[in-house]
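Colleague: output the structure for:
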Amino acid sequence: MNVWTIGSGQAARTLAADGNAIAWPFTFDAGGARLIAGYDDGRLRLWDATSFRALLQLDAGARRPIRSAFTNDGRRLLLLADDSSTVAFDARSSYDFDARQIVDQLFDQYRLTADVIAALNADPSLAPAVRDAAIRLARARGDDPMELFGASQAIAWSPGHTDADYRRAVRYAEAAAREVPSSARFAETLGLALYRVGRYRESVAAFRRADSLRGGPDLPGMIFLAMALNELGDEAQSQAVANEFAAYVERRQQMPWNTFEAGWWKEITAYKQALDKAAAAKKK
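Modeller: The predicted structure follows:
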């Protein structure tokens, strides 16, 4: 049985069991850290999906398993046999549940796999075996692009957060966009997060990418792209985007604004008022 790395398309490892072939489909647990495979010698083997180390060998007896599944907490392995009977195995002996709990808590706090692993390495209270197990689990879990996108969006789409919050939103959006480079929504949220921290040139590039992926501009892109271009001193391009934005607003006059859109409208209105005030002061 070959296990493949999705990102590279390369075979990561062949899981052999004394020359026996796979007799029925294998199944990963919910965290992607373990997998169960049934072999033609009638035995089942549980593998660590990161180190490719055999953890357990199980025997279903005379039953021939045709389906398998882990319970959500990973404590039990359930098998459905071809005679419609089921059998349950205790899978805890192959898994460090202290490590699982620690990893879940750290992902709630840090979101990014690299930050979780850094926190595990920096915690002197962890026993080495628990730390090693937790790091393997964190690597197997990996970054969830939708979760990172949602966390970044919750910060970047609104004004009033701290600089540290916005820098965190940038890191989340960058990781999400790396995982799913074809998403216009991810690129757009990255552009907005970059604008919030004053990285205007990169913000412009992210918004332009979002426009290209979508086949046209969207409201936050038009608003914040215009402001980012102006911050870079490109008044002509900024005005062109602003004109496009004005035409967009006119087209959807009869449609209600949602909370975010209303907030963005206030932001660009305040921005324009500040520019007009500065221009008037210069003339005096």
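
Colleague: mind checking the SS state of the residue lying closest to Asp115 once chain neighbours are set aside?
Modeller: The spatial neighbour of Asp115 that comes closest, neighbours along the chain excluded (C-beta to C-beta, 6 or more residues apart in numbering), is Leu106 at 7.9 Å. C-beta here means a position set from N, CA and C on the backbone, and glycine is covered the same way. Leu106 carries the three-state label helix when classified by DSSP: H, G, I helix; E, B strand; the rest coil.

Colleague: Asp48 versus Leu106, what's the distance?
Modeller: 20 Å (C-beta to C-beta, to the nearest Å).

Colleague: how about Pro220?
Modeller: Taken as C-beta to C-beta, the span from Pro220 to Asp48 is 43 Å.

Colleague: give me the contact list for whichever helix or strand Ala133 is part of.
Modeller: Using DSSP states H and E, the element containing Ala133 is helix 128-141. Outside helix 128-141, the residues that touch it by C-beta atoms under 8 Å, 6 or more residues apart in numbering are 31-33, 48-51, 96, 98-100, 102-103, 106-107, 113, 116-117, 120-121, 123, 126.

Colleague: now the helices: where do they sit in the stretch 1-150 of the chain?
Modeller: 97-110, 113-122, 128-141, 145-156 (DSSP state H, counting those that start in this stretch).

Colleague: reformat those helices as a markdown table; add mean pLDDT.
Modeller: Supplementary listing: these in a markdown table, determined by pLDDT from 0 to 100:
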| stretch | mean pLDDT |
| --- | --- |
| helix 97-110 | 83 |
| helix 113-122 | 95 |
| helix 128-141 | 86 |
| helix 145-156 | 95 |
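
Colleague: return stretch 227-243 as CSV; C-alpha atoms alone will do.
Modeller: Extracted as CSV, the C-alpha positions of stretch 227-243 are listed here (Å, rounded to 0.1, in the frame of the first residue of the first chain):
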residue,chain,number,x,y,z
MET,A,227,-6.8,53.7,-0.8
ALA,A,228,-3.7,51.5,-1.0
LEU,A,229,-2.8,53.0,-4.5
ASN,A,230,-3.3,56.5,-3.1
GLU,A,231,-1.0,55.7,-0.2
LEU,A,232,1.6,54.6,-2.7
GLY,A,233,1.3,58.0,-4.5
ASP,A,234,-0.4,56.5,-7.6
GLU,A,235,-3.2,59.0,-7.8
ALA,A,236,-4.2,58.2,-11.4
GLN,A,237,-4.7,54.5,-10.7
SER,A,238,-6.4,55.3,-7.4
GLN,A,239,-8.8,57.6,-9.2
ALA,A,240,-9.5,55.0,-11.8
VAL,A,241,-10.4,52.5,-9.2
ALA,A,242,-12.5,55.1,-7.3
ASN,A,243,-14.5,55.8,-10.5
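
Colleague: pull the distance from that stretch to the chain's centre.
Modeller: Relative to its chain's centre, stretch 227-243 lies at 32 Å (C-alpha atoms, centre = their mean, to the nearest Å).

Colleague: check stretch 75-93 too.
Modeller: Chain-centre distance of stretch 75-93: 31 Å, with C-alpha atoms, centre = their mean.

Colleague: and stretch 190-208, by the same measure?
Modeller: 19 Å.

Colleague: so for it, mean pLDDT?
Modeller: For stretch 190-208, mean pLDDT is 96.
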